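[1] Can you look at this prediction? I've put the sequence above it.
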Amino acid sequence: MNQPLPLDNVDPLLGDDPYAVALDQIDMSLVERFTNNNIWPWFERLRKEDPVHFSENEEFGPFWSVTTFEDIKFVDSNHELFSSAEGITINERDPDFELPMFIAMDQPIHDHQRRTVNPVVGPVNLAAMESTIRERVITILESLPVGETFNFVEKVSIELTTQMLATLFDFPFEDRHKLTRWSDVSTATLESGLISSEEERQAELIECLEYFTNLWNERVNAEPAGDLISMLAHGESTRNMQPMEYLGNIILLIVGGNDTTRNSLTGGVLALNQFPEQYQKLREDHSLINTLVPEIIRWQTPLAYMRRNATADVELGGKQIKKGDKVLMWYISGNRDETAIETPDEFIIDRKKARQHLSFGFGIHRCMGNRLAEMQIRIVWEEILKRFKTVQVMGEPTYIPSAFVKGFSDLPVKLIPLD
Amino acid sequence: MPKITFIEFSGDTHVVEAETGISLMEVAMNNDVPGIDADCGGACSCATCHVWVEGEWFDKLPAIDAMEESMLGLNTMREDNSRLSCQIDCTEELDGLVLKLPEFQG
C-alpha cells in the first residue's frame, strides 16, 4: 500500500471508510482508490447494501456497478441482453478515432473474427510453445541480480510477457519493447503521466498502425503462417479489415496478452509474501502450482471490470436497468464475494474449485488467451522454485492509476538463493 | 442407474454408475473423472466441460441450444460430435452412453 495521505487532506469519497459517505455518493470508477489500493471496503459495502449500484460520474456519465459473483455471471453470459458493441471500458468512444475490435462487438462479427485468431492460443498450439516459453523464463530468471533489490515488474513481468507477444505476432524481436509501449499507451490514463494528451496517444497508436501495416504487407504476400498477423491477413473474415479495425484488433491482442499476465505475475509474488504460510506450503509441495495459478488470477483480477450496455429494460438485483444503460461488471468485487467464494479475502493456494473465478469473464467474450496466461504463470513459478528460496518483497508496490487495469508499475524485490 | 463411460484422451476409461437428475458434467466431477474443468460451474458460459459423443449417441441427445452453440462455436477443438456436458441432463435413457474427453479444455 502507498503511504497514507495526511488525514486532513483525505476526501471522504476516497478514504478507507466507505461509511463516511452516503451510499448514493459512492462511485467506484474513481482512479485514486485504485492507486491507493483501498477499493476493498467500498466494494464490500456495495455487495452488502446495494449490489447493483447506480452512480453518476462527471466525466463518464451515469452507470451501474454490478458487484456480486452471480449477478456478474448473469450479465456476462447474457450477451444478447448486454451488448459489448458500445465499448468495454467506461470511456465513451472518440468519434474521430474509432478503433473497432472484436471484444467490443456482438454476434455474428465477433464470432467470425475471434475464430480467425483463436487457434494461435488454442491448447494444441500452446503445447507446442511450452518449451520455448520455459527456455525464455529460464534465461530471464538466470539474468537477474541475486541479493540485490530490483523492480520485478520491469525485469520479469514485462520482459516475459513482451517476449511472448513478439512470438505470437512473429514481431521483430529487437523491437519488442515497442509492443509494451503501445500496450501501455493504449490503456494509460492521463493521470499516469505516460502520455500528456489524447492527441499524443493517437499519434503513438498511428505509429503502431504504420509499423503493423508493414508487417501485414509482408505476411499477406507470403504463405499463410501460424502467427497472429498472418492469420488476420489471410483470414476470410479479417483480410478485408479497414486500417483502424486492424489497429483495434492489434491493440486488443497486445493489451490482452500483456497487461493481464504481467500483473498476475507480479501480483502472485506480492500475495505469496503477504501470506508466508502459503508460500511455505508451496515450497513443501510444488504440485500445488496447479491450484496456485488460478488462485493468483482470482486474487489479482488483472482487469477490474468489463462494461456492457443493456439492449432492453431488465431488472437486476431489484433495480430497473433501462435499455441503453451502461453496466460495469466489477470482476474484482465478484472475486471477493463471500456468498460465492469461501473466505475470499484469504489467499489460499490449494483452494477447492480454484478455477471458479471471474477474472477471465464468462460467455462469448471469455478470455481467449486464458490457457496461455496460466501456462506462463505456472512455468514462472516452477522455475523460480527450482532456483530461489524466496522472492522477497522489499518495499511497497506502486499501483497503476487505472480503475480498469488492476496492476503495478513497481514491486521492489530481492532474490534469496536456495541454501 | 445408467452406466456412463468416460474415455480420457490417454485412453484411460472410467465406467460410472451415474446419478440421474444432474448434468453429465456433474456426473464426471462427482466421480473424479479427470479432464473436465467446468470453470463456470455449469452455466454454459466457459466451454471447459467439452466432450465428444461416441457413435450414434450424438443424435439421441437433446438438441444444442443457441447459447451452447455460441460457446461451442468458439472452441478450437470442436468436432461434429462435440457437446458441453453441463448442458445434458443425466437420465435413465442414457444408459450405455460413451463420451470421449479432449486432451485439453480450452
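    Alright, I've got the coordinates. Numbers count the residues shown, from 1 in each chain, chains lettered A, B, ... in the order given.
[2] ok, now which ones touch the residue nearest the centre of chain B?
    Geometric centre of chain B, nearest residue: B:Ser85, 2.9 Å, by CA atoms, centre = their mean. With contact taken as CB atoms under 8 Å, 6 or more residues apart in numbering or on different chains, B:Ser85 is in contact with B:Ser23, B:Leu24, B:Met25, B:Ala28, B:Ile36, B:Cys49, B:His50, B:Val51, B:Leu99. C-beta here means a position set from N, CA and C on the backbone, and glycine is covered the same way.
[3] give me the number of residues near the spatially closest residue to the fourth one that is not a sequence neighbour?
    What sits nearest to B:Ala28 in space, not counting adjacent residues and going by CB to CB, 6 or more residues apart in numbering or on different chains, is B:Ile36, at 4.8 Å. Using other CB atoms under 10 Å in any protein chain shown as the criterion, B:Ile36 is surrounded by 22 other residues.
[4] Can you tell me which residues in chain A are near chain B?
    Where chain A comes near chain B, counting by CB under 8 Å from any CB of the partner chain, the residues are A:73, A:76-77, A:79, A:107, A:111, A:114-115, A:118-119, A:122-124, A:126-127, A:353, A:355-356, A:360, A:362-364, A:366, A:371.
[5] Can you report how many residues lie near B:Glu17?
    Using other CB under 10 Å, B:Glu17 has 10 other residues around it.
[6] Any idea what it is bridged to?
    Beta-bridge partners recorded for B:Glu17 (DSSP bridges): B:Lys3.
[7] Next up, the contacts around it.
    Contacts of B:Glu17 by CB under 8 Å, 6+ apart are B:Met1, B:Pro2, B:Lys3.
[8] is it true that the second one touches B:Gly96?
    Yes: counting by CB atoms under 8 Å, B:Gly96 is a contact partner of B:Pro2 at 7.5 Å.
[9] For those two, indicate the residue with more neighbours.
    Legend: neighbour count by other CB under 10 Å for B:Pro2 and B:Gly96, higher for B:Pro2 (17 against 11).
[10] Find the residue closest to that one in space, skipping its chain neighbours.
    Excluding the flanking residues, the one nearest B:Pro2 by CB to CB, 6+ apart is B:Asp95, at 3.8 Å.
[11] what ranges do the strands span in the chain?
    If you meant another chain, say so; for now it's chain A. Per DSSP state E, chain A carries strands over the ranges A:52-57, A:61-66, A:82-83, A:149-151, A:306-310, A:314-316, A:319-321, A:326-329, A:388-393, A:398-399, A:408-410, A:412-417.
[12] I was thinking of chain B, sorry if that wasn't clear
    Ranges of strands in chain B, per DSSP E, are B:3-7, B:13-17, B:50-53, B:82-84, B:98-100.
[13] hmm, who's touching the fourth one?
    The list of residues contacting strand B:82-84 from outside it, by CB under 8 Å, 6+ apart, reads B:25, B:44, B:47, B:49-53, B:58, B:61, B:64, B:68, B:71-72, B:75.
[14] quick revisit: of the residues of chain A next to chain B, just the buried ones, PyMOL syntax please.
    Of these, the buried ones go into a single PyMOL selection, burial set by 16 or more other CB atoms under 10 Å in any protein chain shown:
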select buried, chain A and resi 73+76+77+79+111+114+115+118+122+123+126+355+356+360+362+363+364+366+371
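[15] Quick one: mark the members of the residues of chain A next to chain B that sit in helices.
    Among the residues of chain A next to chain B, DSSP state H puts A:Lys73, A:Asp76, A:Ser77, A:Asp111, A:Arg114, A:Arg115, A:Pro123, A:Val124, A:Leu126, A:Ala127, A:Arg371 in helices.
[16] wait, what's in contact with the residue nearest to A:Phe43 when sequence neighbours are not counted?
    Spatially, and ignoring its direct neighbours in sequence, A:Phe43 is nearest to A:Ser333 (3.9 Å; CB to CB, 6+ apart). Neighbour list for A:Ser333: A:Phe43, A:Leu46, A:Arg47, A:Ser65, A:Thr67, A:Thr68 [criterion: CB under 8 Å, 6+ apart].
[17] which residue packs closest to the residue in the stretch 301-419 of chain A positioned nearest to chain B, ignoring adjacent ones?
    Nearest residue of the stretch 301-419 of chain A to chain B: A:Phe362, at 3.6 Å (CB to the nearest CB). Excluding its sequence neighbours, the residue lying closest to A:Phe362 (CB to CB, 6+ apart) is B:Ser45, at 3.6 Å.
[18] wait, doesn't that neighbour sit right on A:Lys73?
    Yes: at 6.7 Å, B:Ser45 counts as touching A:Lys73 under the criterion of CB under 8 Å.
[19] overlap in contacts of the two?
    Common contacts of B:Ser45 and A:Lys73 (CB under 8 Å, 6+ apart): A:Phe362.
[20] Can you list the residue ranges for helices in chain B?
    Counting by DSSP H, one finds helices in chain B at the ranges B:24-30, B:57-60, B:66-73.
[21] could I have the first one exported to PDB, CA atoms only?
    I take that to be helix B:24-30. In PDB, the C-alpha atoms belonging to helix B:24-30 read as follows (Å, rounded to 0.1, in the frame of the first residue of the first chain):
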ATOM      1  CA  LEU B  24     -23.200 -35.200 -17.200                       C
ATOM      2  CA  MET B  25     -20.600 -32.600 -16.200                       C
ATOM      3  CA  GLU B  26     -21.600 -33.100 -12.600                       C
ATOM      4  CA  VAL B  27     -21.500 -36.900 -13.000                       C
ATOM      5  CA  ALA B  28     -17.900 -36.600 -14.200                       C
ATOM      6  CA  MET B  29     -16.900 -34.200 -11.400                       C
ATOM      7  CA  ASN B  30     -18.700 -36.300  -8.700                       C
END
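[22] now it, how far from the chain's geometric center?
    Relative to its chain's centre, helix B:24-30 lies at 8 Å (CA atoms, centre = their mean, to the nearest Å).
[23] before we move on, the earlier item: compare the contacts of A:Ser333 and tell me which has the most neighbours.
    Neighbour tally across these (other CB under 10 Å): the maximum, 30 neighbours, falls on A:Thr67.
[24] so what's that residue up against?
    Shown in contact with A:Thr67 (CB under 8 Å, 6+ apart): A:Phe43, A:Leu46, A:Arg47, A:Pro51, A:Val52, A:His53, A:Trp330, A:Ser333, A:Gly334, A:Asp337.
[25] surely the first one meets A:Tyr331?
    No: A:Phe43 is not in contact with A:Tyr331 according to CB under 8 Å; the separation is 10.8 Å.
[26] Can you get me a residue count around A:Ala22?
    Using other CB under 10 Å, A:Ala22 has 7 other residues around it.
[27] So for the residue nearest to the centre of chain B, what's the pLDDT?
    With respect to pLDDT, B:Ser85 has a value of 98.
[28] now do A:Arg355
    96.
[29] contacting residues around it?
    Applying CB under 8 Å, 6+ apart to A:Arg355 gives the contacts A:Pro294, B:Asp37, B:Ala38, B:Asp39, B:Thr48.
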